[in-house]
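Asks: here is a sequence with its predicted model. Questions after.
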Amino acid sequence: MLRTAQVPAAVTALAGLLLLLLSSGCDGGAEEATPPSTAAAASPTAAATTTAVASDLTAIPMNGTSIVVDSTSDSDGRDGALTLREAIRVATGDLAAAVLEPAEADNINGTPGPESADAIVFQSSLFPPDAPATISLTSTLPTLGTGGDSVVGSGSAVIIDGGNQGFNCFQVESDGNTIKGLRIQNCRTAIVLREAAGHNTIGGAAEGDRNVIGPNAGVGIEIDGDGNVVQGNYMGTDVSGTESRSNAMEGIWIAPGAENNVIGGSGPGEGNLIAGNNLFGISIDGVGATGNVVKGNYIGVDVTGRVALKNRYGLVLAGGAQNNIIGGKERGEANVISGNQSAGVLIRGSGTRGNVLKANLIGPDSSGSEELRQGTGIWILQGPQDNIIGGTAQGEGNVIAHSGTVGVLIDGADTTGNTIRGNSIHSNGRSAIVSTNGGNLGLAQPTIEGSGPLRGAACPGCTVDVYSGSEEGQVYEGSTTTDANGAFTYDGALSGSLVTATATDAGGNTSPYSDPFAMPAG
């Protein structure tokens, strides 16, 4: 599946549409997120020795075979050294160990092949941690197609360079493989996990397991298969995590049909840094892209979480993607989606439904206290339905703040049933929630008519969420319901001087906020 260069033109059109929408009627730039591991990735020098090979062969205890790469060449011939290309062929059984020259065979500990779980490692004297050594590819590496194999740059410093020749660097078409500890650059796509690729691991929580992926001419990682885990990587930055090394398209693309993949994690070091990409940080796109989880990542910020390192859009759910989960209320599950150019989150297209965004920081830095401005917080358009932004249980709400325009924008008559509850939405340039062109059925905002207890009106039979603070929507206080005539009262405690409310109908459509009501002093 090839990501085409036609997408940026469509994105440019979206940016123009946003300006049009906002100019035609939008009135009125927490607990600290767990960062990805901040230490810089290791980098690689020179000569091979028999002693070095022997130590590398025993460096990774495992049930399968160790295969040591002792050449920076990309050749595939009997020359006394074992290249990465040859090592993959040996691991998959495409190149028999029996035909290797003795000096090449000395790099193998065990019996490699399709029935063995083989670990491909790199000779430490040739790829030392303090001086990167580069393998310049001439074509796509052999496919990891038999399962259970690993390409492990941890403890070394290995650069895989595609030379901007228009091919993918790694391709995986089997289960249970691992690629970690590498720098992968100048490919079309750095790593492609095909439809048959399930339950593979890219990266890892330990510092040395991190892949640094970028720049590349297309996508950093393309996922077509199911159940894969991508953790601890830098996508679109340099090894320090502070400078952009852009992938021209997405950092990560979860393609149509890809299910139950996990991007990030809640444990220390499991989150990815996905920043500086020219198009999207993460895209979950297409029919059958379902059940995927994105948690604990930094998207649009640098490794400190305090400085913007923008993607054009942070995270995109589109094309019929359904039932994906972004963030979560448990410790470490929140994503920081801030500092992006056009929008933090874009939800787009008919059939894109049932997706849940909870407990994310969208606009603030990782501390939750400083702004990292982006165009729009969340933009929902062109027919998505029944998506959930936030929640009223403890810890489920997102913080959506410091957008240059709107916190949440819902556009289009077919864009309905999108529920926005329990969030902290404040300090946005124009408004907190805006519905245009019949978005969410154009559900009218409530009115607040008085206090002692708080009272007002909204759609009959609707749920009214009450917020207070110094700005609209800052603190979720609680909920009540309207009667058959649309009247409501709320007698819960209020912590702020200004009170606002939203209404949500039985179909899940949430209105914009009411006009702020100033509580009487005392």
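Replies: Received it, and whenever you're ready, just let me know what you need. Residues are numbered from 1 along each chain as shown.

Asks: distance between the ends of stretch 169-184?
Replies: In stretch 169-184, first residue to last residue: 8 Å (CA to CA, to the nearest Å).

Asks: one more: stretch 261-272?
Replies: End-to-end distance for stretch 261-272: 14 Å, by CA to CA.

Asks: which residues are in contact with it?
Replies: Stretch 261-272 is contacted by residues 34-37, 203-207, 223, 225-235, 251-252, 254, 282, 292-298, 328, 330-333, 335 when judged by CB atoms under 8 Å, 6 or more residues apart in numbering. Glycine gets a C-beta too; all of them are placed from N, C-alpha and C.

Asks: mind giving me the ChimeraX command for buried ones among the residues you listed?
Replies: Here is the ChimeraX command that picks out the buried ones among these, judged by 16 or more other CB atoms under 10 Å:
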select :34,35,36,37,203,204,205,207,223,225,226,227,228,229,230,231,232,233,234,235,251,252,254,282,292,293,294,295,296,297,298,328,332,333,335
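
Asks: now, the contacts of stretch 261-272 that are in helices?
Replies: Assignment to helices by DSSP state H places none of the contacts of stretch 261-272 there.

Asks: centre of the chain to stretch 477-486, how far?
Replies: What separates the centre of stretch 477-486 from the centre of its chain is 37 Å, taken as CA atoms, centre = their mean, to the nearest Å.

Asks: with stretch 244-260 instead?
Replies: 8 Å.

Asks: go on, stretch 288-298?
Replies: For stretch 288-298, the distance to the chain centre is 7 Å (CA atoms, centre = their mean).

Asks: please shift the residue numbers so they start at 39 in all later answers.
Replies: Renumbered: residue one is now 39, and that last one reads stretch 326-336.

Asks: CA atoms only: put that stretch into PDB for me.
Replies: The C-alpha coordinates for stretch 326-336 follow below in PDB (Å, rounded to 0.1, in the frame of the first residue of the first chain):
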ATOM      1  CA  GLY A 326     -11.300  -1.600   9.100                       C
ATOM      2  CA  ALA A 327      -8.700   0.600  10.900                       C
ATOM      3  CA  THR A 328     -10.200  -0.300  14.300                       C
ATOM      4  CA  GLY A 329      -9.400  -1.000  17.900                       C
ATOM      5  CA  ASN A 330      -6.000   0.700  17.700                       C
ATOM      6  CA  VAL A 331      -4.700   2.400  20.900                       C
ATOM      7  CA  VAL A 332      -2.600   5.600  21.000                       C
ATOM      8  CA  LYS A 333      -1.300   6.400  24.500                       C
ATOM      9  CA  GLY A 334       1.500   8.100  26.400                       C
ATOM     10  CA  ASN A 335       3.000   9.800  23.300                       C
ATOM     11  CA  TYR A 336       4.300  13.300  22.700                       C
END
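
Asks: averaged pLDDT, that stretch. What do you get?
Replies: Across stretch 326-336, pLDDT averages out at 98.

Asks: stretch 157-168 too?
Replies: Here stretch 157-168 scores 96 as its mean pLDDT.

Asks: start to end distance for it?
Replies: Using CA to CA, the end-to-end distance of stretch 157-168 comes to 22 Å.

Asks: quick one: buried residues of that stretch?
Replies: For stretch 157-168, the neighbour count (16+ other CB under 10 Å) marks 157-167 as buried.

Asks: what does stretch 299-309 give?
Replies: Neighbour-count burial for stretch 299-309 [16+ other CB under 10 Å]: 299-303, 307-309.

Asks: export the buried residues of stretch 157-168 as CSV, with columns for distance to residue 420.
Replies: Output for the buried residues of stretch 157-168, formatted as CSV (distance: CB to CB, whole Å):
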residue, distance to residue 420
157, 46
158, 45
159, 48
160, 47
161, 52
162, 52
163, 56
164, 52
165, 48
166, 51
167, 48
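
Asks: in strands only, show me those.
Replies: Using DSSP state E, the subset of the buried residues of stretch 157-168 located in strands is 157-160.

Asks: the residues you listed: which two are farthest apart?
Replies: Farthest apart among these by CB to CB are 157 and 160. That separation is 10.8 Å.

Asks: overlap in contacts of the two?
Replies: With CB under 8 Å, 6+ apart as the test, residue 157 and residue 160 both reach residue 190.

Asks: show me where the stretch 89-238 of the chain dips below the pLDDT cut-off.
Replies: The stretch 89-238 of the chain contains residues with pLDDT under 70 at 89-102.

Asks: contacting residues for the residue most central in space within the chain?
Replies: The centre of the chain sits closest to residue 320, judged by CA atoms, centre = their mean, with a distance of 4.4 Å. By CB under 8 Å, 6+ apart, the contact set of residue 320 is 288-292, 301, 312, 332, 335, 337, 352-354.

Asks: got the domain ranges for the chain?
Replies: Domain assignment for the chain, taken from automatic domain parsing, gives 238-480, 484-560.

Asks: point out the most buried one among the ones you listed.
Replies: Of all those, domain 238-480 carries the top mean neighbour count, a mean of 24, counting by mean count of other CB atoms under 10 Å.

Asks: endpoint to endpoint, that domain covers what distance?
Replies: First-to-last residue span, domain 238-480, CA to CA: 44 Å.

Asks: what's the most distant pair in the buried residues of stretch 299-309?
Replies: The distance between the two most remote of the buried residues of stretch 299-309 (CB to CB) is 18.7 Å, for 299 and 307.

Asks: follow-up on the earlier one: wait, which of the ones in strands among the buried residues of stretch 157-168 is closest to residue 476?
Replies: residue 158 (55.9 Å).

Asks: off-centre distance for stretch 170-181?
Replies: 26 Å.

Asks: just the CA trace of it, in CSV.
Replies: The C-alpha coordinates for stretch 170-181 follow below in CSV (Å, rounded to 0.1, in the frame of the first residue of the first chain):
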residue,chain,number,x,y,z
PRO,A,170,27.7,6.0,14.2
ALA,A,171,28.5,3.7,11.3
THR,A,172,26.3,3.7,8.3
ILE,A,173,25.0,0.9,6.1
SER,A,174,24.1,2.5,2.8
LEU,A,175,21.4,0.4,1.1
THR,A,176,21.1,-0.3,-2.6
SER,A,177,17.6,-1.7,-2.4
THR,A,178,15.0,-2.8,0.1
LEU,A,179,16.3,-5.2,2.6
PRO,A,180,15.1,-8.8,2.4
THR,A,181,11.7,-9.3,3.9
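
Asks: what does it contact?
Replies: With CB under 8 Å, 6+ apart, stretch 170-181 has contacts from 81-83, 110-112, 121-123, 126-127, 130, 132, 164-165, 195-201, 203, 205-211, 221, 225.

Asks: what's the end-to-end length of stretch 406-418?
Replies: 23 Å.

Asks: that one: how far from the chain's middle?
Replies: On CA atoms, centre = their mean, the centre of stretch 406-418 falls 16 Å from the chain's centre.

Asks: over to stretch 253-260?
Replies: Relative to its chain's centre, stretch 253-260 lies at 14 Å (CA atoms, centre = their mean).

Asks: tabulate the contacts of residue 320 (CSV), appending distance to residue 280.
Replies: Converted to CSV, the contacts of residue 320 look like this (distance: CB to CB, whole Å):
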residue, distance to residue 280
288, 21
289, 16
290, 20
291, 24
292, 26
301, 21
312, 14
332, 23
335, 17
337, 16
352, 18
353, 21
354, 25
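
Asks: quick check: phi and psi on residue 288?
Replies: Per-residue torsions, residue 288: phi -90, psi 160 (degrees, to the nearest 10).

Asks: on the pLDDT front, check it for me.
Replies: For residue 288, the pLDDT comes out at 98.

Asks: residue 547 and residue 353, how far apart?
Replies: 23 Å (CB to CB, to the nearest Å).

Asks: repeat for residue 370
Replies: 18 Å.

Asks: what do you get for residue 311?
Replies: For residue 311 relative to residue 353 (CB to CB), the value is 14 Å.

Asks: ok, residue 396 next?
Replies: According to CB to CB, residue 396 and residue 353 sit 13 Å apart.

Asks: and the helices in the chain?
Replies: 45-61, 88-95, 122-130, 140-143.
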